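Enquirer: got a predicted structure here, sequence first:
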Amino acid sequence: MAELTRRRLLAGAGAGLLGATALSGRVMAEGHRQYRLRAQTNKSETSTQGAMYTRFVELCESLSGGRLLIDLHYSSAIVSDFQTFDAAANGVLDIDMTGASYLTGKDPAFQFIGDVMGGYEDPIQLHAWLDMPEARAIVAPLYGRYNMYCVGLLCPPLESLSSTVPLPGIESLQGWKFRSPPGMESEIFTRLGAAPVVMAFGEVFTAMETGVVSGADAGTLALNRSLGLYDICKYATYPGFHSMPADHVAINLDSWNALPVELQRVIEVAQRAIAFDVIKNVTVDDHRVLTDLADQVTFHDWSEQDRLAFREAALEVWKDWATRSEAADAMVRSHLAFMRQMGLLS
């Protein structure tokens, strides 16, 4: 009987050891499993931001030890800019790296993630707002409605207006006809007496040469120079004050939940690193434009009073947008509270 007991004990121990070994093998296999995600941006691979998004992909691979691979498609190669979010939500892609302001047709609240017009003075303030638990409590369910999760934002510094006529201050907006994107921006500038014209960007140069419009809102100084705007426009606003469009890193919620926690952290760390690089690199590029074109372009630095007047006009438009959905109202209230904390509002 004693021998039988010893045999059973030995057999049981052997079975347990084999089971533990098998389980350990499965855990180790899971720990080395490779995940591959598909992403799309509307930026070109050679642009400043496109190069930074390439680095995001490289960081995810290196920080994960090769476990997380992202196939990034540039210049909206898979679907159009405005279809990227839906493609990610439906599983055609996994990650959307375009502008949240493209989604205002789904809910006006997305405007206050994609471009808080007339609000913040630099991208750091916007990132700080999104880091607040109160902000995340609004953003997470908004994205979750569409089976998406917002990891974070990639936001360059404020944009500059380009013009064929001087723009020294807010009074010069009276009657100023310029190319503008549709939506909130057009509403704000109309309130200030300007005449925004919504047109395809490819039509802008001809329109300025023929006097149909006198300027354009396109991007930062560096982007504007790359587009050739300063071949025609000899006036620009800098530092900017009106618009700071942000791309989001938004991922399909099922894809996000399928990732191990450590790989979720990898994406978050990579996003934060690239967010800093975008600010740094675009700021440097803009200052190079200031230096290179100092004798060719007049850069108008608006007074504090004019900047505040623009913000006040923007806030009036915000109030109207806040009535358009519950999420938009919550978003506006959150931004206003944070701006007061930052001393941007009295």
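Expert: Perfect, thanks for sending it.

Enquirer: what helix or strand does Ser255 sit in?
Expert: In the assignment (DSSP states H and E), Ser255 maps to helix 253-258.

Enquirer: send the alpha carbons of that helix over as PDB?
Expert: Extracted as PDB, the C-alpha positions of helix 253-258 are listed here (Å, rounded to 0.1, in the frame of the first residue of the first chain):
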ATOM      1  CA  LEU A 253     -11.900  49.200 -29.800                       C
ATOM      2  CA  ASP A 254     -11.800  45.400 -30.400                       C
ATOM      3  CA  SER A 255      -8.300  45.600 -31.700                       C
ATOM      4  CA  TRP A 256      -7.300  47.700 -28.700                       C
ATOM      5  CA  ASN A 257      -8.900  45.200 -26.200                       C
ATOM      6  CA  ALA A 258      -7.200  42.300 -28.000                       C
END
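
Enquirer: which elements pack onto the biggest helix by length in the chain?
Expert: The longest helix of the chain (DSSP state H) is helix 261-292. Secondary structure elements in contact with helix 261-292, counted by 3 or more C-beta pairs under 8 Å, 6 or more residues apart in numbering; DSSP states H and E, are helix 48-63, strand 68-73, helix 123-131, strand 148-154, helix 221-226, strand 247-252. (Glycine included, C-beta is placed from N, CA and C.)

Enquirer: just how off-centre is the helix or strand following it within its chain?
Expert: Next helix or strand after helix 261-292 toward the C-terminus (DSSP H and E): strand 298-300. Mean-position distance between strand 298-300 and its chain equals 27 Å (C-alpha atoms, centre = their mean, to the nearest Å).

Enquirer: direction included, what does strand 298-300 pair against?
Expert: strand 235-237 (parallel) (DSSP bridges).

Enquirer: now do the partner strand: everything it contacts.
Expert: 160-167, 215, 221, 224, 230, 297-302 (C-beta atoms under 8 Å, 6 or more residues apart in numbering).

Enquirer: in PyMOL, how would I select just the buried ones from these?
Expert: Those of the contacts of strand 235-237 that count as buried under 16 or more other C-beta atoms under 10 Å are selected in PyMOL with:
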select buried, resi 160+161+162+163+164+167+215+221+224+230+297+299+300+302
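
Enquirer: could you chop the protein up by domain?
Expert: 34-157+244-286, 160-243+298-341 (automatic domain parsing).

Enquirer: Asp292: which of these is closest?
Expert: domain 160-243+298-341 (8.0 Å; C-beta to C-beta).

Enquirer: straight-line length of the closest one, end to end?
Expert: Length of domain 160-243+298-341, first residue to last, C-alpha to C-alpha, to the nearest Å: 26 Å.

Enquirer: state the mean pLDDT of that domain.
Expert: Averaged over domain 160-243+298-341, pLDDT sits at 95.

Enquirer: secondary structure class for Arg38?
Expert: Taking DSSP: H, G, I helix; E, B strand; the rest coil as the rule, one finds Arg38 in the strand state.

Enquirer: ok, it touching Gly91?
Expert: No: look at Arg38 against Gly91 with C-beta atoms under 8 Å: they stay out of range, at 9.5 Å.

Enquirer: and Ile188, what element?
Expert: With DSSP H and E as the criterion, Ile188 is inside helix 184-191.

Enquirer: C-terminal to that helix, what's the next element?
Expert: Next along from helix 184-191, by DSSP H and E: strand 195-197.

Enquirer: could I have the CA atoms of the next helix or strand after that next one written out in PDB?
Expert: Per DSSP H and E, strand 195-197 leads on to helix 204-209 as the next helix or strand towards the C-terminus. The C-alpha trace of helix 204-209 is given here as PDB (Å, rounded to 0.1, in the frame of the first residue of the first chain):
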ATOM      1  CA  VAL A 204      -6.500  78.600 -54.300                       C
ATOM      2  CA  PHE A 205      -3.500  79.700 -56.400                       C
ATOM      3  CA  THR A 206      -5.600  80.700 -59.400                       C
ATOM      4  CA  ALA A 207      -8.200  82.400 -57.200                       C
ATOM      5  CA  MET A 208      -5.500  84.500 -55.500                       C
ATOM      6  CA  GLU A 209      -3.800  85.400 -58.800                       C
END
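
Enquirer: buried set for helix 204-209?
Expert: Of the residues in helix 204-209, 204-205, 207-208 count as buried by neighbour count, 16+ other C-beta under 10 Å.

Enquirer: for those, give me JSON lines that also has distance to Tyr53.
Expert: Formatted as JSON lines, the buried residues of helix 204-209 follow (distance: C-beta to C-beta, whole Å):
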{"residue": "Val204", "distance to Tyr53": "25"}
{"residue": "Phe205", "distance to Tyr53": "27"}
{"residue": "Ala207", "distance to Tyr53": "31"}
{"residue": "Met208", "distance to Tyr53": "30"}
